[in-house]
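Participant: Next comes the sequence, and after it the predicted model I'd like to discuss.
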Amino acid sequence: MRRFILIAVPYLWLAALFLIPFVIVLKISLSDVALARPPYMPQLDFAAGWDGFKSFFAALDFENFWFLTTDDLYWKAYLSSLRIALTSTVMTLLVGYPIAYAMARAAPEWRPTLLMLVILPFWTSFLIRVYAWMGILSNEGLLNQFLLWLGVINEPLTILNTNTAVYIGIVYTYLPFMILPIYSALERLDDSLLEAAEDLGCSRLSAFWLVTIPLSKNGIIAGCFLVFIPVIGEFVIPSLLGGSGTLMIGKVLWEEFFSNRDWPVASAVAVILLLILVIPIILFQRNEQKQREAEG
Amino acid sequence: MSQTVFAPWENPTEKPLIQFKNVTKRFGDFTAIDDLTQDIFAREFFALLGPSGCGKTTMMRMLAGFEAPTQGQIFIAGQDMAKIPPNKRAVNMMFQSYALFPHLSVWENIAFGLKREGKDKDTIAARVEEMLRLTRLSKFAKRKPHQISGGQRQRVALARSLAKAPKLLLLDEPLGALDKKLRQDTQFELMDIQEKTGTTFVIVTHDQEEAMTVASRVAVMDEGQIIQVATPAQIYEAPNSVYVADFIGDVNIISGRAKPNGEKVATQWAEGQPDIIGTTATKFDAGQEIHFAIRPEKVAISTEEPQDAANRVRGRVLDIAYLGNISTYHVELPTGHVIKAQTANTRRLSRRQITWEDPVWLSWTDTAGVLLER
Amino acid sequence: MKRFSWFNATSLTLGFAFLYVPMIILVIYSFNASKLVTVWAGFSTQWYGELIRNEEFLNAAWVTIKVAVMSSTIATVLGTMAAYVLVRAGRFSGRTLFSGMIYAPLVMPEVITGLSLLLLFIGIGLDRGVLTIVLAHTTFSMCYVSVVVSSRLVSFDKSLEEAALDLGCSPFEAFRLVTLPIIAPAVISGWLLAFTLSLDDLVIASFTTGPSATTLPIKIFSAVRLGVSPEINALSTIMIAIVTVGVITASLITKQAAVRQARDERMAERPA
């Protein structure tokens, strides 16, 4: 009995507040927009019994999904989200790997401090960290002031409200997600493996390619997924740092919902986004599982 | 010159493969190696033996090129190694942890060094197969390191470091991770492989039994210095110091004052006890402090007073350790000294005649022990 | 042999500069006397004064803290239960679905979670406000709590619980007297994580709130959309300061505990 309660409470909570909402999203994505409250139809009419049920299901269709394919705004937004997520993941990896590597090579007594310095921004408000770049990247911002002072440029660059600003924002906010798994893979790396590689004729650089990189592979994969997956649905960064030209699906969904009040289309956008994410999520889970098995 | 026994160190015309010349290595304030000079010859199986922190691993890492001497020089085959990085040395190392690459198969691990040399595929494959046969690993070529046993991993590490046919193979506690039975088998295997390949082996170990079994010469180290270098038999039978005598095997040490008497030296060691008579080649001054060291198996134990022994003392049995093949008796002398005596159990246990608290006689000949200055 | 080259030193310096310089600039400019955020016009704390007098921000802050405390507390209880179920309950029907529901919210885009919860609340006719935000935050942060706690439970020696049962505890007593004190650090960090997630959340709160409850991130977001403002800089500085002090204190406490334990163990080894 006790065991039953223990299982039932969190189970029911998650079912009610996580699973059922999804069913609702799915259902609404198949409904039609209407000028009513709530602004979609059909409504399920329980009073009408079985006939009501039948007519309810008869009224559902894939019209919204069809609509998504006809308006190129949507598939452009999906593609552009994927492209931005992919590019920024690679950029985050290029910035994060050397940092993780240097941390793992640092003296053991320094490592906890370095680790704390990486985690600290984690606990700081995401919104604030994105906001911090607004003041830096704007036309009169500090970056432009600095570059003008250096004499590198003659007139301010437009960075804020462009994709460049979005990339900077993503790399900045998601950097800890990339550093941590790579660091934990590199920290476990046994130094004698590198010595063995050198002993067997590797230069330091080739030992890095042949030993360090393959052995931190799982950390790299985990870090990339931890950046890639949430960035696809990102909303805050494109809406604060991006411009009108920045198309990201999270922003489109938000606007569809709050500005156009087209709930069925917003739901259809969400369903497709979820379908897109299923593949990387499954790949990520498989990588995690493989890693757990490898550790015994 | 016809040598039946392998002993290049006794031949003054022989060129050493490795030369340490006044090598000192410091880590900050700590001196790991202190002004050390030593030659090691080709085809030797040279053991560095000592407690942890004695500098033996540092010596090996300097040979491999992972550490550079603070002072002095190291020569391998007449070449000064100072400027040569590890990957350019014809020296390979077998790591204590084996350091097998976990992402590569057994086959790829063994081929790793060969590939770095840029050899063609067929040569590499042939050499890897040869190594797999030598170490009896052919069946496991496709497996990853975590899919094989500890003993097999040890053999992969050996095969990998031998694959490049190095002039010199360094072994860092190679058998440390194996259980006792497997260790003993592997020791003989190592000797066999060393003989077959003709490679010079330098092994680091803290296990004296292992050093004695495998090595052609053993260097006993302490605090960054080599205390004695000799064949296992010499080290055991003629240690040059109490430290070496005590480190290798079991020993009784009795300290006293020297009373030279021709070829013999008597040791005055306790009031009212007869002097211990020993034989030595070294000269001792009268009254000089002297240590008499004797192995337990050279001390005879009996219930009757022996008649013909040069040295005999009375005592009482304090403890008996029965080890199956031998028994060790701890005998307390009236002076309070405890002497260990060992006998081989050639008869069954039931016939043992000496038991606890028995008064007994201990005896030994005048050539059984050694006399040491320090 | 650790190789700490100039390359490593450079990447650490540049990396941490990248992570911290934007925040340091933000803090510095919160003390700027000018209304123009990019022009330095001398030191002033006037924006902090304005912030304190700004009723809307104070109300939003109060709502946010209320929501965070409630949701993180419920999430900790539910998350710990869920972790216990995941690690200890063994097989039961629907276990795969259960663990799926624990892990899925961690990778779910916030826009989807927010949208789906909103549609649920509308569907059942629940008035949107503090309650709905608390429900929403509890749901996603309990998953984080359960991941943190279950990773501790996995390494927890089960024989300790068995010993407690053997000595006459009921299963609940065994949990309360043995398991809970040992996994307490994980439970506390789970709570802290849930608390910060709730404080931080903009997207889900925007979807699930009504006109009656505006949280701080919603407030900040709508202010910031119009551009950089010195008041927001001041607010950010306060939040950064709180987090910094909190994290450093927490890590010092952990470190001290580790040092004390190491010392105690050394003392215990020494012969009396």
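Facilitator: Yes, it's here. Residues are numbered from 1 along each chain as shown, chains lettered A, B, ... in the order given.

Participant: For chain C, what's its nearest residue on the stretch 151-300 of chain B.
Facilitator: Among all residues of the stretch 151-300 of chain B, B:Asp172 sits closest to chain C, at 13.9 Å; criterion: CB to the nearest CB. From N, CA and C alone the C-beta is placed, and that goes for glycine too.

Participant: Near chain C, which residues of chain B? Just list them.
Facilitator: B:Phe66, B:Glu67 (CB under 8 Å from any CB of the partner chain).

Participant: And the helices in chain B?
Facilitator: Using DSSP state H, the helices of chain B run over B:56-64, B:106-116, B:121-134, B:150-162, B:180-197, B:208-214, B:232-237, B:242-247.

Participant: would you turn those into JSON lines with mean neighbour count and mean pLDDT?
Facilitator: What follows is the helices of chain B, written out as JSON lines (neighbours: other CB atoms under 10 Å in any protein chain shown; pLDDT from 0 to 100):
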{"stretch": "helix B:56-64", "mean neighbour count": "23", "mean pLDDT": "92"}
{"stretch": "helix B:106-116", "mean neighbour count": "23", "mean pLDDT": "92"}
{"stretch": "helix B:121-134", "mean neighbour count": "16", "mean pLDDT": "93"}
{"stretch": "helix B:150-162", "mean neighbour count": "23", "mean pLDDT": "91"}
{"stretch": "helix B:180-197", "mean neighbour count": "15", "mean pLDDT": "87"}
{"stretch": "helix B:208-214", "mean neighbour count": "20", "mean pLDDT": "90"}
{"stretch": "helix B:232-237", "mean neighbour count": "17", "mean pLDDT": "91"}
{"stretch": "helix B:242-247", "mean neighbour count": "20", "mean pLDDT": "91"}
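
Participant: Tell me which of those sits nearest to C:Arg263.
Facilitator: helix B:56-64 (30.1 Å; CB to CB).

Participant: Which residues does the closest one contact?
Facilitator: When contacts are defined by CB atoms under 8 Å, 6 or more residues apart in numbering or on different chains, helix B:56-64 is touched by residues A:195, A:199, B:18, B:20, B:23, B:25, B:32-33, B:36, B:48-50, B:67-69, B:74, B:76, B:81, B:86, B:89, B:91, B:93, B:168, B:170, B:172, B:202, B:204, B:221.

Participant: before we move on, back to that, C:Gly94 is nearest to which of the helices of chain B?
Facilitator: Nearest to C:Gly94 among the helices of chain B is helix B:150-162; the distance by CB to CB comes to 42.5 Å.

Participant: Could you confirm whether that closest one reaches chain A?
Facilitator: Yes. Residues of helix B:150-162 contacting chain A under CB under 8 Å from any CB: B:Arg160, B:Ser161.

Participant: chain center to that helix, what's the gap?
Facilitator: Put simply, helix B:150-162 sits 22 Å off its chain's centre (CA atoms, centre = their mean, to the nearest Å).

Participant: between it and helix B:180-197, how many degrees?
Facilitator: Put simply, helix B:150-162 runs at 20 degrees to helix B:180-197, going by axes from the mean of the first three to the mean of the last three CA atoms, to 10 degrees.

Participant: now the angle between helix B:121-134 and helix B:150-162, please.
Facilitator: 140 degrees.

Participant: Angles on the backbone of A:Met248, please.
Facilitator: Per-residue torsions, A:Met248: phi -130, psi 140 (degrees, to the nearest 10).

Participant: Surely it and A:Gly242 touch.
Facilitator: Yes. Judged on CB atoms under 8 Å, A:Met248 makes contact with A:Gly242 at a distance of 7.1 Å.

Participant: Now the common contact residues for the two.
Facilitator: A:Val166.

Participant: Which one's more surrounded, the two?
Facilitator: Set A:Met248 next to A:Gly242 and count neighbours by other CB atoms under 10 Å in any protein chain shown: A:Met248 wins out with 27 against 23.

Participant: In contact with the residue of the stretch 251-374 of chain B found nearest chain A, which residues?
Facilitator: Using CB to the nearest CB, the closest approach of the stretch 251-374 of chain B to chain A is made by B:Val251 at 35.8 Å. With contact taken as CB under 8 Å, 6+ apart, B:Val251 is in contact with B:Ala245, B:Ala293, B:Ile294, B:Arg295, B:Pro296.

Participant: swap in C:Val111?
Facilitator: A:Gly233, A:Phe235, A:Gly250, A:Leu253, A:Trp254, A:Ala270, A:Leu273, C:Val203, C:Phe207.

Participant: Can you tell me, leaving aside adjacent residues, what's nearest to the last one?
Facilitator: In this case it means C:Phe207. Of all residues not flanking C:Phe207 in the chain, C:Gly114 sits nearest, at 3.2 Å (CB to CB, 6 or more residues apart in numbering or on different chains).

Participant: Listing request: residues of chain A with sub-threshold pLDDT.
Facilitator: A:1, A:33-39, A:41-59, A:294-296 (pLDDT under 70).

Participant: Kindly report the same for chain B.
Facilitator: In chain B (pLDDT under 70), the answer is B:1-4, B:348-352.

Participant: Tell me the residues of it that contact chain A?
Facilitator: So far as CB under 8 Å from any CB goes, chain B lies against chain A at B:64-66, B:85-88, B:91-93, B:95-97, B:99, B:101-103, B:112-113, B:116-117, B:146, B:160-161, B:164.

Participant: Just the residues you listed: which are in strands?
Facilitator: B:Val91, B:Asn92, B:Met93 (DSSP state E).

Participant: Selecting buried members of the residues you listed in PyMOL, what would you type?
Facilitator: Restricted to buried positions by 16 or more other CB atoms under 10 Å in any protein chain shown, the PyMOL selection for these reads:
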select buried, chain B and resi 91+92+93
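
Participant: Out of the contacts of C:Val111, the closest to C:Gly49 would be?
Facilitator: Checking the contacts of C:Val111 against C:Gly49 with CB to CB, the nearest one is C:Val203 at 31.3 Å.

Participant: Next up, the contacts around A:Val231.
Facilitator: So A:Val231 contacts A:Ser81, A:Ile84, A:Ala85, A:Ser88, A:Thr89, A:Ile170, A:Tyr174 (CB under 8 Å, 6+ apart).

Participant: List just the nearest of these to B:Ala270.
Facilitator: A:Tyr174 (79.9 Å).

Participant: Around chain A, pick out the residues from the stretch 151-272 of chain C.
Facilitator: C:171-172, C:196, C:199-200, C:202-203, C:207, C:217, C:220-221, C:224-225, C:227-228, C:232-233, C:236, C:239-240, C:243-244, C:246-248, C:251, C:255.

Participant: just the buried members of these?
Facilitator: C:196, C:199-200, C:202-203, C:207, C:217, C:220-221, C:224, C:228, C:232-233, C:236, C:239-240, C:243, C:247, C:251.
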